[in-house]
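Chemist: Give me coordinates for this.
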Amino acid sequence: MSEKRNVLKDKSFSFAIRIINLYKYLSTAKSEYILSKQLLRSGTAVGALVREAQNAESKADFVHKLAVAQKECDESIYWIELLFNTDYLSSTEYESINNEATEILKIIRSIIITTKNK
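Modeler: Numbering: from 1, shown residues only. Model (predicted):
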């Protein structure tokens, strides 16, 4: 049997990889360690929390874990905006990664709302 594709799991994992690569770039090419470290923590936490939610013990636990993932994703957007507005990210870099984070945030919010309404 094939496992049903989990779009949020896939997107949050890909996002974590992008965040790790962005952190490596910012710390080596731009010598930026503080903001990028914060982004590394919040950006990789999103996917970890999505994975935790898959093994939730109840509907309430599932919603709670996704709510924390939502907060981490929104925090990541904050750090991305800050890095852009302090000239560590170009417009192209910013738009690309910000769009991805925003899409993940919308998916998480939609799942939370749908789950609460069931």
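Chemist: Which pLDDT value belongs to residue 3?
Modeler: Per-residue confidence (pLDDT) for residue 3: 52.
Chemist: I meant to write residue 118 there.
Modeler: pLDDT, residue 118: 88.
Chemist: Distance check, the residue nearest to it when sequence neighbours are not counted against residue 17.
Modeler: Nearest residue to residue 118, sequence neighbours excluded (Cβ to Cβ, 6 or more residues apart in numbering): residue 59, at 7.7 Å. Placement of C-beta: from N, CA and C, glycine included. Plainly put, residue 59 is 30 Å away from residue 17 if you go by Cβ to Cβ, to the nearest Å.
Chemist: Same question for residue 81.
Modeler: Residue 81 sits 21 Å away from residue 17, going by Cβ to Cβ.
Chemist: In contact with residue 53, which residues?
Modeler: Residue 53 is in contact with 61, 62, 65, 66, 69, counting by Cβ atoms under 8 Å, 6 or more residues apart in numbering.
Chemist: Excluding chain neighbours, give the residue nearest to it in space.
Modeler: Spatial nearest neighbour of residue 53, excluding adjacent residues (Cβ to Cβ, 6+ apart): residue 65 at 3.9 Å.
Chemist: tell me which element that neighbour falls in.
Modeler: Per DSSP states H and E, residue 65 falls inside helix 59-85.
Chemist: Can you name the element that comes right after that helix?
Modeler: Beyond helix 59-85 on the C-terminal side, the first helix or strand identified by DSSP H and E is helix 91-117.
Chemist: how big is the angle separating that next one from helix 59-85?
Modeler: 160 degrees (axes from the mean of the first three to the mean of the last three Cα atoms, to 10 degrees).
Chemist: Could you pull out the buried residues of helix 91-117?
Modeler: In terms of neighbour count (16 or more other Cβ atoms under 10 Å), helix 91-117 has its buried residues at 94, 97, 98, 100, 101, 104, 105, 107, 108, 111, 112.
Chemist: same for it, what does it pack against?
Modeler: Here helix 91-117 touches helix 7-29, helix 34-54, helix 59-85, going by 3 or more Cβ pairs under 8 Å, 6 or more residues apart in numbering; DSSP states H and E.
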